[in-house]
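# Kindly generate the corresponding structure for this input.
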Amino acid sequence: MNLKKRSQQIHSTPLSGGREKPNRLSDDYIVGLTDGEGCFYVATRVPNRTHKSRVEMHFFIKLREDELPLLKKVQKFFDCGGVYYQKEYRANQKNCYRFGVTAQKDLHEKIIPFFDKNQLHSKKLKNYLLFRRIALMVKNGEHKSNEGYKKIRQLKSQMNRGSLDAGKPLV
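Reported below is the predicted structural model:
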């Protein structure tokens, strides 16, 4: 057997009868999955005659339909949130499911502590840090004042705008 073929056999996993996926996901796996497929999202609702200003916080991981069992493992890992069908009209996004956490309690007690302890590696780190800062402002009720609400909207506008310069403070 030549050396190249032997190396391929050692480092390859056959499609059938190969390694089984673990029953419990690791912290590192969740971080990698979030770096690739996760989203920290903040929605702000402008006040009108009948509604006060509102800030909604969401953490999502979106995957194709054939990865639904993995999303259910993610839900079990965090012990919160839900898995939902993602209705989508873009051809390359059809038949997807989303794991989502929107409950403030779960965001503050499970999601934020997890990502504080297990740092993201991609550009999503910047979004997470902004998300975390906004979540703490909401928890402290700062979103109820005009000044706090404006500050949250300003921080939200910085999300999804490229890489984080570690030397620069977030406004």
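
# remind me which residues of this protein are low pLDDT?
Within the chain, the stretches with pLDDT under 70 are 1-23, 47, 49-51, 92-93, 162-171.

# Tell me how many other residues surround residue 73.
Number of residues near residue 73 (other CB atoms under 10 Å) recorded here: 18. Backbone N, C-alpha and C define where each C-beta goes, glycine included.

# Give me the contacts around the helix with the most length in the chain.
For the chain, the longest helix by residue count, based on DSSP state H, is helix 124-139. Applying CB atoms under 8 Å, 6 or more residues apart in numbering, the contact partners of helix 124-139 are 34-35, 38-42, 55, 57, 59, 104, 107-108, 112, 115-116, 119-120, 143, 148, 151-152, 155-156, 158-164, 170.

# right, and the helix or strand after that helix?
Where DSSP states H and E defines the elements, the next helix or strand beyond helix 124-139 is helix 146-156.

# now for that next one, which elements pack on it?
strand 38-45, helix 124-139 (3 or more CB pairs under 8 Å, 6 or more residues apart in numbering; DSSP states H and E).

# returning to that earlier point: can you pull the buried residues of the longest helix of the chain?
Using 16 or more other CB atoms under 10 Å as the test for burial, helix 124-139 gives 124-135, 137-138.

# if I read this right, residue 64 contacts residue 94, doesn't it?
No: using CB atoms under 8 Å, residue 64 is not in contact with residue 94, being 9.1 Å away.

# Tell me which of the two has more neighbours.
residue 64 (15 against 12).

# do you know how far that one is from residue 36?
13 Å (CB to CB, to the nearest Å).

# and if you look at residue 76?
20 Å.

# Could you do residue 157 as well?
Taken as CB to CB, the span from residue 157 to residue 36 is 24 Å.

# try residue 150
For residue 150 relative to residue 36 (CB to CB), the value is 33 Å.

# what does residue 105 give?
Residue 105 is 27 Å from residue 36, by CB to CB.

# who's in contact with stretch 84-91?
62, 93, 94, 96, 97, 98, 100.

# Among those, name the buried ones.
62, 96, 97, 98, 100.

# and the two most separated of those?
Checked with CB to CB, the buried ones among the contacts of stretch 84-91 reach their widest spread between 96 and 100, with 12.1 Å between them.

# Give me the phi and psi for residue 55.
phi -120, psi 120 (degrees, to the nearest 10).

# residues contacting it?
Here residue 55 is in contact with 42, 43, 44, 45, 134, 138, 143, 149, 152 (CB under 8 Å, 6+ apart).

# Secondary structure class of residue 83, three-state.
strand (DSSP: H, G, I helix; E, B strand; the rest coil).
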